[in-house]
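**Q** this one's sequence-less:
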């Protein structure tokens, strides 16, 4: 999951962290999203997950989509697509203790512990010894598919042969490894509310945690024990800003780069008017795995005709043209052009008010006012909500917008306490979306429970051939579009914006950008 699956939250007040345009030893990064926390096994927001990658190591890096290279793992091999051997390189935690296979096994078993709340159950659900939600039968039962051979070697066994890239992304890349000797000081039940998740003291990646000034900034410092070498830029300030302040500080040189990846949203008009014309900045945009949806609560809207009516009613091309000036793609489903499994021949259902009205009439809609939850903070998403409301009302729906801050909106949608809601996700390169659209899925906010779709996802996971998987997921995308379980709105191109004095920074495959952060420098 994100990043197998991962959520785009919203934030923003000005940072109190001081900055200097001339300091070579401090990197200033601007974001509009405040991290929800620093829990390495239960962080659902993109900002928090992004920062955690600076603090904790993953087994593999993914500098390009589905192109993996060793990080903590020196090698990650299989001969039969079911049994995997992982050999670790020599590395240390920031307190000097060795990072071992026990740390990796502990992390996986922590996720699999039924007493532990985690957003990564789907990542390990294919391992032998866990159920479809990624949990073992009891808190005292270790995962049978995880075996420590020695301090530098462990093996993983899946329930059946599976595409190695799936294992490499979902376990090797998406998960970060936690220090066992620190986390085990807390009861698994209490881990989420412990100091371990609010103030990390031991790091294994490029930086160490120093301070989080709530909704203002996060301060990090270079980890001198990092096996790739101490970072050349010693200090990092991640400043939480409004979109307007982010633009101002980019132009003044008070920040060196935006966080990117949908967690530093700037209106396209401001990018084109104020930033692309600034000769001190580089600005790039490209398709990515980030998406925006209108979630439909399938428990409350069981009639397919009503869901299809909603889909036909929304003029998604107008949203892309008006709000993003073409710097976005309309989504037929929840897959984007950034994954090789995207079906380029599948067209999104078109804007058709007459068809929407006809389907609505067949659906038995009772005329009640439907609430549309809109998280605050993401300006483009909030603007799209008004267009969506107008479109739905033109087709015959009665709609009322209800705004909440992102954590509240997410909590309501996660619990099913909503009818319609706008939400963004960052997806994985791997096409499996079991966690989003099946009953056991940890992020099935749409409350989808469709036996045929569940079987199709199971079939997709059982294939080890990329070509055969592609055909299966083409079929899945068509079925999802025609059933309208959720409305794929758009996938906007996240801009990579940074000062030309910074050597390094984000690349077009944003989620994999931090693999060489220790080598970034400033003039």
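**A** Perfect, thanks for sending it. Predicted, not measured: the structure shown is a model, and the values here were computed from it.
**Q** residue boundaries of the helices in the stretch 251-400 of the chain?
**A** Along the stretch 251-400 of the chain, the segments classed as helices by DSSP state H, counting those that start in this stretch run 268-270, 304-313, 316-324, 353-363, 379-394.
**Q** Turn those helices into a markdown table, including mean neighbour count and mean pLDDT.
**A** C-beta here means a position set from N, CA and C on the backbone, and glycine is covered the same way. Formatted as a markdown table, the helices of the stretch 251-400 of the chain follow (neighbours: other C-beta atoms under 10 Å; pLDDT from 0 to 100):
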| stretch | mean neighbour count | mean pLDDT |
| --- | --- | --- |
| helix 268-270 | 16 | 86 |
| helix 304-313 | 22 | 97 |
| helix 316-324 | 18 | 92 |
| helix 353-363 | 17 | 97 |
| helix 379-394 | 18 | 94 |
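**Q** Which of these sits closest to residue 463?
**A** Nearest to residue 463 among the helices of the stretch 251-400 of the chain is helix 304-313 (27.6 Å), distances taken as C-beta to C-beta.
**Q** Mind giving me the packing neighbours of the closest one?
**A** Counting contacts by 3 or more C-beta pairs under 8 Å, 6 or more residues apart in numbering; DSSP states H and E, helix 304-313 packs against strand 290-296, helix 353-363, helix 379-394, strand 486-492.
**Q** sorry, back to before: residue 64: which of the helices of the stretch 251-400 of the chain is closest?
**A** helix 316-324 (24.6 Å).
**Q** And stretch 451-465, how far out from the chain middle?
**A** From the chain centre to the centre of stretch 451-465 is a distance of 22 Å (C-alpha atoms, centre = their mean, to the nearest Å).
**Q** Give the helix, strand or coil label for residue 62.
**A** strand (DSSP: H, G, I helix; E, B strand; the rest coil).
**Q** Could you tell me how far it is located from residue 173?
**A** Distance, residue 62 to residue 173, by C-beta to C-beta, to the nearest Å: 5 Å.
**Q** what is in contact with the two at once?
**A** Counting by C-beta atoms under 8 Å, 6 or more residues apart in numbering, the common neighbours of residue 62 and residue 173 are 68, 512.
**Q** Neighbour count: those two, which is higher?
**A** A count of neighbours by other C-beta atoms under 10 Å puts residue 173 above the other of residue 62 and residue 173, at 29 against 25.
**Q** Got phi/psi on the closest residue to residue 124 other than its chain neighbours?
**A** In this structure, residue 124 finds its nearest non-sequential neighbour in residue 134, 4.7 Å apart by C-beta to C-beta, 6 or more residues apart in numbering. Phi and psi for residue 134, reported as degrees, to the nearest 10, are phi 90, psi 20.
**Q** Likewise for the one 5 residues further on?
**A** Per-residue torsions, residue 139: phi -70, psi -20 (degrees, to the nearest 10).
**Q** Might one say that it is in contact with residue 187?
**A** No: using C-beta atoms under 8 Å, residue 139 makes no contact with residue 187, being 10.1 Å away.
**Q** Compare neighbour counts for the two and give me the winner.
**A** Set residue 139 next to residue 187 and count neighbours by other C-beta under 10 Å: residue 139 wins out with 14 against 10.
**Q** Can you tell me the SS state at the spatially closest residue to that one that is not a sequence neighbour?
**A** Nearest residue to residue 139, sequence neighbours excluded (C-beta to C-beta, 6+ apart): residue 115, at 4.5 Å. The three-state assignment at residue 115 reads coil, by three-state DSSP.
**Q** hmm, back to that, any chance of the helices and strands packed on helix 304-313 in JSON lines, with distance to residue 341 too?
**A** Below are the helices and strands packed on helix 304-313 laid out as JSON lines (distance: least, C-beta to C-beta, whole Å):
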{"stretch": "strand 290-296", "distance to residue 341": "14"}
{"stretch": "helix 353-363", "distance to residue 341": "29"}
{"stretch": "helix 379-394", "distance to residue 341": "25"}
{"stretch": "strand 486-492", "distance to residue 341": "14"}
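**Q** Against residue 444, how distant is the closest residue to residue 101 other than its chain neighbours?
**A** Nearest residue to residue 101, sequence neighbours excluded (C-beta to C-beta, 6+ apart): residue 154, at 4.2 Å. According to C-beta to C-beta, residue 154 stands 31 Å off from residue 444.
**Q** The nearest residue to residue 257 once chain neighbours are set aside bridge partners, please.
**A** In space, and not counting its chain neighbours, residue 257 is closest to residue 498: 3.6 Å by C-beta to C-beta, 6+ apart. Beta-bridge pairing of residue 498 under DSSP bridges involves residue 257, residue 282.
**Q** count of neighbours near residue 498?
**A** 23.
**Q** mind checking pLDDT for it?
**A** For residue 498, the model assigns a pLDDT of 94.
**Q** so it sits right up against residue 259, yeah?
**A** No: the criterion here is C-beta under 8 Å, and residue 498 misses it with residue 259 at 10.4 Å.
**Q** which residues does the closest residue to residue 342 other than its chain neighbours contact?
**A** Nearest non-adjacent residue to residue 342, counting by C-beta to C-beta, 6+ apart: residue 335, 4.9 Å away. Shown in contact with residue 335 (C-beta under 8 Å, 6+ apart): 341, 342, 343, 427, 431, 473, 477.
**Q** Likewise for residue 374?
**A** Listed by C-beta under 8 Å, 6+ apart, the contact set of residue 374 reads 381, 382, 385, 401, 402, 403, 404, 409, 421, 422.
**Q** For the last one, grab phi and psi.
**A** The phi and psi torsions at residue 422 (degrees, to the nearest 10) take the values phi -90, psi 130.
**Q** Wait, it touches residue 384, no?
**A** Yes: counting by C-beta under 8 Å, residue 422 touches residue 384, with 7.2 Å between them.
**Q** what do those two both touch?
**A** Residues touching both residue 422 and residue 384 by C-beta under 8 Å, 6+ apart: 292, 489.
**Q** in the stretch 101-250 of the chain, which spans are strands?
**A** Counting by DSSP state E, counting those that start in this stretch, one finds strands in the stretch 101-250 of the chain at the ranges 146-150, 153-157, 207-213, 217-222, 235-240.
**Q** Can you tell me which of those strands is packed in deepest?
**A** strand 235-240 (a mean of 24; mean count of other C-beta atoms under 10 Å).
**Q** Check whether residue 342 really touches residue 336, as I assumed.
**A** Yes: counting by C-beta under 8 Å, residue 342 does reach residue 336; the two are 6.2 Å apart.
**Q** Those two: who's more crowded?
**A** residue 342 (22 against 19).
**Q** And for residue 81, nearest residue in space, chain neighbours not counted?
**A** Using C-beta to C-beta, 6+ apart, the nearest residue to residue 81 is residue 161, at 4.1 Å.
**Q** other SSEs contacting the helix of greatest length in the chain?
**A** In the chain, assigned by DSSP state H, the helix with the most residues is helix 466-483. Judged by 3+ C-beta pairs under 8 Å, 6+ apart, helix 466-483 is in contact with helix 451-462.
**Q** so how many other residues sit close to residue 164?
**A** Per other C-beta under 10 Å, the neighbour tally for residue 164 reads 18.
**Q** no wait, residue 519
**A** Residues contacting residue 519 under the criterion other C-beta under 10 Å number 14.
**Q** Residue 230 is in contact with that one, correct?
**A** No: contact criterion C-beta under 8 Å: residue 519 and residue 230 do not qualify, at 10.8 Å.
**Q** one step back: how about the contacts made by the residue nearest to residue 81?
**A** Residue 161 neighbours (C-beta under 8 Å, 6+ apart): 80, 81, 82, 462, 464.
**Q** and if we set it to 10 Å?
**A** Residues in contact with residue 161 (C-beta atoms under 10 Å, 6 or more residues apart in numbering) are 78, 80, 81, 82, 83, 462, 463, 464.
**Q** If any of those are buried, give me the ChimeraX selection for them.
**A** A single ChimeraX command is used to select the members of the contacts of residue 161 judged buried by 16 or more other C-beta atoms under 10 Å:
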select :78,82,462,463,464
